[in-house]
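Q: coordinates only, no sequence provided:
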């Protein structure tokens, strides 16, 4: 894994909602979990002022 990098897959996962995030985090692909957690860390950081209102509870 190229640490510190995320792909369109992580972006799409968030667009799909919490069900998709839960699916990745409860899965067996450790690298996918790492990429998603890194992206979430960046996405949820208030410094970058991301609009998280679009995250759906599913």
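A: That came in fine, so what should we check first? Only a predicted model underlies this, so the values are computations on that prediction, with no experimental measurement involved. Numbers count the residues shown, from 1 in each chain.
Q: what strand or helix carries the residue nearest the centre of the chain?
A: Most central in the chain under CA atoms, centre = their mean is residue 36, positioned 3.8 Å from the mean C-alpha point. Using DSSP states H and E, residue 36 falls within helix 30-44.
Q: please apply the same query to residue 20.
A: helix 18-25.
Q: distance from that helix to the middle of the chain?
A: 9 Å (CA atoms, centre = their mean, to the nearest Å).
Q: other SSEs contacting that helix?
A: Other elements packing on helix 18-25 under the criterion 3 or more CB pairs under 8 Å, 6 or more residues apart in numbering; DSSP states H and E are helix 8-16, helix 30-44. Bear in mind the C-beta positions are built from the backbone N, C-alpha and C, glycine included.
Q: can I get the ones you listed in a markdown table including mean pLDDT and distance to residue 22?
A: Below are the helices and strands packed on helix 18-25 laid out as a markdown table (pLDDT from 0 to 100; distance: least, CB to CB, whole Å):
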| stretch | mean pLDDT | distance to residue 22 |
| --- | --- | --- |
| helix 8-16 | 86 | 10 |
| helix 30-44 | 88 | 11 |
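Q: export these as a markdown table, with columns for distance to residue 52.
A: Conversion of the helices and strands packed on helix 18-25 to a markdown table gives the following (distance: least, CB to CB, whole Å):
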| stretch | distance to residue 52 |
| --- | --- |
| helix 8-16 | 9 |
| helix 30-44 | 7 |
